[in-house]
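Peer 1: Just need the structure, nothing else, for what follows:
(chains A and B)
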Protein chains: 2
Amino acid sequence: MHTLDVALGDRSYPIHIGRGLLDDPSLILARLKSPRVAIVTNDRVGPLYLERLERGLQANGVRTAAVVLPDGEAYKDWQTLNLIFDALLTSRCERSTTLIALGGGVVGDMAGFAAATYQRGMPFIQVPTTLLSQVDSSVGGKTAINHPLGKNMIGAFYQPRLVIADTATLDTLPERELKAGVAEVIKYGLIRDLAFFEWLEANLERLLDRDPASLAYAIERSCRNKAEVVAADETERGERALLNLGHTFGHAIEAGLGYGEWLHGEAVAAGTIMAARLSCKLGWLDEAAFERAVALFRRAGLPVQGPALGAARYLDLMAHDKKVEDGRLRLVLLKGLGSSVVSDAATSEQIAATIEACCA
Amino acid sequence: MHTLDVALGDRSYPIHIGRGLLDDPSLILARLKSPRVAIVTNDRVGPLYLERLERGLQANGVRTAAVVLPDGEAYKDWQTLNLIFDALLTSRCERSTTLIALGGGVVGDMAGFAAATYQRGMPFIQVPTTLLSQVDSSVGGKTAINHPLGKNMIGAFYQPRLVIADTATLDTLPERELKAGVAEVIKYGLIRDLAFFEWLEANLERLLDRDPASLAYAIERSCRNKAEVVAADETERGERALLNLGHTFGHAIEAGLGYGEWLHGEAVAAGTIMAARLSCKLGWLDEAAFERAVALFRRAGLPVQGPALGAARYLDLMAHDKKVEDGRLRLVLLKGLGSSVVSDAATSEQIAATIEACCA
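Peer 2: Numbering: from 1, shown residues only, chains lettered A, B, ... in the order given. Sure thing, here's the model as predicted:
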């Protein structure tokens, strides 16, 4: 087991990474405020792991309740969030009850937002079961639901007390989701860790083959990058925005096609290529570097072109982005591989031309 | 103009109290992050004050948008909250846009929760226009919406950057709402400020007659009490819970009758008498003190008996309260006038008997 710390003063917490951690309830027991938990999961992950998690806790005297949500980004909305509140209230969960998210990014984001707002805040633990959530969304305290006009528009910064990434849960992860997770892994290499990008160039197939050592390494290195950024800028006033490489374009893809059509990681992959292309246009990234990025996403089986929604529709959706300031779109762009900036240097015309060039 | 400060480190903020402050946009201008605001109000307060507030800001180069909600506690729900999000998104409000709540407690609680969660948090200003919101709900950062199973069950601690209490807005406040606000004023006297309680005994009629000096004094003294408590315990781990005297019983009344049937302050008045009666039963308050409390609420035209929902229904609704811990109900009780504690000393039987004795 590897343990990293997210250093946030009195809200610091550990990330445990390892095979079979789901079978070790002591990790969770050590962080409970009272012997009561409510577990939020979905109808795909629940049948695989819920009983095991509940049994381990119950055997240690913890009262558990469970909420099983429908699976998918399309359900990351208020209606589904309300299923959590209904369950918490009908099973009389208290402010000291700990909410545990067992599942991927959607479950973690929704359960986290429920924990942030139920009785104005209850303790929260993340047990991510997808690559994407293990390397990215479970760490750092971003919680949210979607609004028809924009992804993650309603949410809160709310840190978990603990993250447990059991890499054995990736054994059951569908191929497509594994690849989607790789998109966020590549992201860390591109924005701030050239050596990791090069490691991925050398080891991508091992990762896709789910070689345990490679997976563990990629997860740990991704989490370390994430933890460093979050510790330096918890509420995204600066550096943390770099973690959104490809996300402004990507969110437009997700909202434009309807949530759930493309997986988040797929949209981020295509969005990252758009950001890289725009970086080339501004003279900040050379063609060879751009091609290396494209090649790596291609090898991961990820889309390197966006859907043809039309540049106008993209721009319209992007105008709702959280990084818009004074009406100007601020995008994460690359200055060479492994280095990134948040910039409003690109004009609408340059952005539109980039979108047109990067859509199928 | 009187100014008090809520001392919360880098989230400290001023409360300005005075007649005609709504006509002084400079107070707001000084606290904006960008020259954009969105004003949330309701269909009763909006027609009275919205245009004045907007005009003053626009004359100073601030772009304004407005959302007018239906009036009343019955609308403090997700559907109505969503009207705020829809308006913020369609008018493309940014993370740096400031949300201004113009209205009473319901508007303030909902707008505050919207500000806490829109794009994970935007700046927020309270302009309370009822006595209740000026003395209580606009200060301290509690925001929430109701759930059918419990009042204020979904919310966040989120501090405003500024509170402006224009006492001239109370000129148009309906009589019933003025009295409801007095319930929270009396509360401060009961829980921690015997001298204020005695001032109220001497000056209540002046307050009900809206004598400007008496109103200004009562508001300032209430806010000072509130600011002290909030500064000492922002997220209600201890002392802050005392501000909820009468609220656990009161919330049961509000939820049990259907939100909006009784005003919040009316329910708090009846709930406070229940808490006082229970305090007598435990030997913590003598009969003479109890009668002084009852007499003051009576003079304010406030209910001193709850509706006859039946003790079982009360207890059921109270079991959802945020102060329940390990299944035990923790109530704010009086130890003499001007002194209070949070305690789980009362048994269910004692609570039930108290409810029966205090219902019409």
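Peer 1: Mind jotting down where the helices sit in chain A?
Peer 2: A:26-29, A:46-58, A:78-90, A:105-117, A:131-132, A:175-192, A:194-208, A:212-232, A:247-257, A:264-281, A:287-299, A:311-318, A:348-357 (DSSP state H).
Peer 1: helices or strands next to the third one in the packing?
Peer 2: Applying 3 or more C-beta pairs under 8 Å, 6 or more residues apart in numbering or on different chains; DSSP states H and E, one finds that helix A:78-90 makes contact with strand A:36-42, strand A:63-69, helix A:105-117, strand A:142-147, helix B:78-90, strand B:150-157. Where you see a C-beta, it was placed from the backbone N, CA and C, and this is true even at glycine.
Peer 1: If we use 7 Å, what do you get?
Peer 2: Contacts defined by 3 or more C-beta pairs under 7 Å, 6 or more residues apart in numbering or on different chains; DSSP states H and E place helix A:78-90 against strand A:36-42, strand A:63-69, helix A:105-117, strand B:150-157.
Peer 1: so how many other residues sit close to A:Pro174?
Peer 2: If you count neighbours by other C-beta atoms under 10 Å in any protein chain shown, A:Pro174 ends up with 11.
Peer 1: Tell me the spacing between it and chain B.
Peer 2: 30 Å (C-beta to the nearest C-beta, to the nearest Å).
Peer 1: before we move on, what about A:Lys323?
Peer 2: Distance of A:Lys323 to chain B, computed by C-beta to the nearest C-beta: 8 Å.
Peer 1: That residue: what's it in contact with?
Peer 2: Contact analysis of A:Lys323 by C-beta atoms under 7 Å, 6 or more residues apart in numbering or on different chains lists A:241, A:248, A:330.
Peer 1: can you pull the contacts of the closest residue in space to the first one that isn't next to it in sequence?
Peer 2: Counting by C-beta to C-beta, 6 or more residues apart in numbering or on different chains, A:Ala241 lies nearest to A:Val342, which is 4.8 Å off, once chain neighbours are set aside. Contact criterion C-beta under 7 Å, 6+ apart gives A:241-242, A:330, A:332 as the residues in contact with A:Val342.
Peer 1: Make TSV out of the helices of chain A and add mean pLDDT, mean neighbour count and distance to B:Ala38.
Peer 2: Listed next are these as TSV, based on pLDDT from 0 to 100; neighbours: other C-beta atoms under 10 Å in any protein chain shown; distance: least, C-beta to C-beta, whole Å:
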stretch	mean pLDDT	mean neighbour count	distance to B:Ala38
helix A:26-29	98	16	41
helix A:46-58	98	17	40
helix A:78-90	96	18	20
helix A:105-117	98	28	21
helix A:131-132	98	28	33
helix A:175-192	98	24	33
helix A:194-208	98	16	42
helix A:212-232	97	20	29
helix A:247-257	95	24	22
helix A:264-281	98	26	29
helix A:287-299	98	16	39
helix A:311-318	95	18	20
helix A:348-357	96	16	24
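Peer 1: Adding distance to B:Thr169, write those helices out as JSON lines.
Peer 2: Listed next are the helices of chain A as JSON lines, based on distance: least, C-beta to C-beta, whole Å:
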{"stretch": "helix A:26-29", "distance to B:Thr169": "51"}
{"stretch": "helix A:46-58", "distance to B:Thr169": "52"}
{"stretch": "helix A:78-90", "distance to B:Thr169": "33"}
{"stretch": "helix A:105-117", "distance to B:Thr169": "30"}
{"stretch": "helix A:131-132", "distance to B:Thr169": "50"}
{"stretch": "helix A:175-192", "distance to B:Thr169": "50"}
{"stretch": "helix A:194-208", "distance to B:Thr169": "58"}
{"stretch": "helix A:212-232", "distance to B:Thr169": "43"}
{"stretch": "helix A:247-257", "distance to B:Thr169": "40"}
{"stretch": "helix A:264-281", "distance to B:Thr169": "47"}
{"stretch": "helix A:287-299", "distance to B:Thr169": "58"}
{"stretch": "helix A:311-318", "distance to B:Thr169": "39"}
{"stretch": "helix A:348-357", "distance to B:Thr169": "43"}
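Peer 1: Could you report the pLDDT at A:Leu329?
Peer 2: We have a pLDDT of 91 for A:Leu329.
Peer 1: quick one: it and A:His320 touch, right?
Peer 2: No - in this structure, A:Leu329 is not within contact of A:His320 by C-beta atoms under 7 Å, at 10.4 Å.
Peer 1: between the two, who's got more neighbours?
Peer 2: Per other C-beta under 10 Å, whichever of A:Leu329 and A:His320 has more neighbours is A:His320, with 23 against 18.
Peer 1: Would you mind listing what in the stretch 151-300 of chain A touches chain B?
Peer 2: Contacts of the stretch 151-300 of chain A with chain B, taken as C-beta under 7 Å from any C-beta of the partner chain, map to A:153-157.
Peer 1: In CSV: those residues, plus pLDDT and neighbour count.
Peer 2: CSV is the format used below for these (pLDDT from 0 to 100; neighbours: other C-beta atoms under 10 Å in any protein chain shown):
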residue, pLDDT, neighbour count
A:Met153, 95, 23
A:Ile154, 97, 25
A:Gly155, 98, 24
A:Ala156, 98, 20
A:Phe157, 97, 17
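Peer 1: Can you report how many residues neighbour A:Asp171?
Peer 2: Applying other C-beta under 10 Å, we find 12 residues neighbouring A:Asp171.
Peer 1: pLDDT at it, what is it?
Peer 2: pLDDT, read off for A:Asp171, is 95.
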